[in-house]
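>>> Sequence isn't available, so here's the structure alone:
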């Protein structure tokens, strides 16, 4: 099953959304209640050997919390106290080179390691159960790897693949692999293939060319958490002053249906928006090597080059992120503005429930019915990992 989410129009999305909403009016995000987040638990990281990035988090049915770092899984008691860790940096059994995924199936914990190209299963006490390694010809190196409940692996190469993509773009492919008796390579299917524009800013700063991503790129986020037998894919379309977001379920058997549909008000890109990007990005590129002065003004030649290369669509990108929570809970990351990001909270088959605004530095790690785990900056360059109750009334 291959789903290629190519450019589409608002009219094309309306029939599918109408089926999803079962005759109910599709709500506008501005009409949703504003959710209140109330802190209920902070993990105690004072003794935890956390270094580098935090990739993922999962909470077990008994309240134990597992946090994926770069090369280890940190374990916390239900009250947030640090208990210990599972794994360490390395290439041996139960060791990791670069964790990119973490989840639970029943009482077993799984981890996805991008650099090692394998999935490892543990008991909740850290005992090693199994190592699953799809063939390199299937997975690409490195890859995000996720273990589905049926034992198959869903992956997405970190490097985009080009074959079959239109000129000037690439295809980002999510695939599903499963072992099959008598077949050493197993069986692989393309689950989702999204078209991604293959354009970067190439800015000459005097002596070298610095690549930077285009600032106004619309993309279609995909989420797969592992406990379900489907992935989620979000896309948006805007015409005039009417916008529409659809989150689709892409089932392993090839069926596709609509999980959530919501209207939004597209925000047009103005000359002031472009000026702001040129000032911010041009100022950073104008700093001498090894320095970082946020107040720097862009050098005239860099500002001219940025204005020449920046691709400016009519509207700001509507989607920035997608989180597949437990129990059909979905968090949809909307556009960022003024160091904040809007989020929509939805329930599969029900529709959007509420909206909230997070600081740009806050990142949802996991979500469920009535709660969300956020990663935030803390004191002394340490992160905070906090569980919030989400009140949508």
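Alright, I've got the coordinates. Just so it is clear, the model here is predicted, and its values are computed rather than measured.
>>> Which strand residues bridge residue 384?
Counting by DSSP bridges, residue 384 forms beta bridges with residue 376.
>>> burial count for it?
Per other C-beta atoms under 10 Å, the neighbour tally for residue 384 reads 15. Quick note: C-beta positions are derived from backbone N, CA and C, even for glycine.
>>> List the contacts of it.
42, 45, 375, 376, 377, 378 (C-beta atoms under 8 Å, 6 or more residues apart in numbering).
>>> Give the burial count for the fourth one, as a bare number.
Burial of residue 376 is recorded as 14 neighbouring residues (other C-beta under 10 Å).
>>> what does the third one give?
As a burial measure, the neighbour count of residue 375 was computed by other C-beta under 10 Å and equals 21.
>>> Next one: it from residue 82, what distance?
Using C-beta to C-beta, to the nearest Å, residue 375 is found at 16 Å from residue 82.
>>> which one of the contacts of residue 384 is nearest residue 205?
residue 377 (28.8 Å; C-beta to C-beta).
>>> nearest residue to the closest one other than its sequence neighbours?
residue 361 (5.5 Å; C-beta to C-beta, 6 or more residues apart in numbering).
>>> in a helix, that's where that neighbour is, yeah?
No. The assignment for residue 361 by DSSP: H, G, I helix; E, B strand; the rest coil gives coil, which leaves it out of any helix.
>>> Check the burial of it by counting its neighbours.
Per other C-beta under 10 Å, the neighbour tally for residue 361 reads 13.
>>> how about the helices in the protein?
10-20, 136-139, 271-286, 300-309 (DSSP state H).
>>> any idea of the pLDDT on residue 162?
If you check residue 162, the pLDDT there is 53.
>>> what does the one 3 residues further on give?
pLDDT recorded at residue 165 is 50.
>>> same question, residue 113
Looking at residue 113, its pLDDT is 88.
>>> That one and residue 119 touch, don't they?
Yes. The criterion here is C-beta atoms under 8 Å, and residue 113 meets it with residue 119 at 7.5 Å.
>>> Now for the two: what residues contact both?
By C-beta under 8 Å, 6+ apart, residue 113 and residue 119 have these common neighbours: residue 145.
>>> mind listing what residue 108 touches?
121, 122, 123, 124, 129.
>>> If it is in a bridge, with which residues?
Under the criterion used (DSSP bridges), residue 108 bridges to residue 105, residue 123.
>>> ditto for the one 10 residues further on
Judged by DSSP bridges, the bridge partners of residue 118 are residue 113.
>>> From what I see, it and residue 130 are in contact.
No. Using C-beta under 8 Å, residue 118 is not in contact with residue 130, being 10.1 Å away.
>>> Low-confidence stretches in this protein?
1-24, 51-52, 139-143, 158-170, 182-184, 196-199, 226, 288-295 (pLDDT under 70).
>>> redo that, cut-off 50
1-22 (pLDDT under 50).
>>> Give me the sheet partners of the longest strand belonging to it and which way each runs.
In the chain, assigned by DSSP state E, the strand with the most residues is strand 183-197. Strand pairing for strand 183-197, using DSSP bridges, gives strand 4-5 (parallel), strand 169-180 (antiparallel).
>>> now those strands as JSON lines including mean neighbour count and distance to residue 266?
Compiled in JSON lines, the strands paired with strand 183-197 are given as follows (neighbours: other C-beta atoms under 10 Å; distance: least, C-beta to C-beta, whole Å):
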{"stretch": "strand 4-5", "mean neighbour count": "15", "distance to residue 266": "18"}
{"stretch": "strand 169-180", "mean neighbour count": "19", "distance to residue 266": "22"}
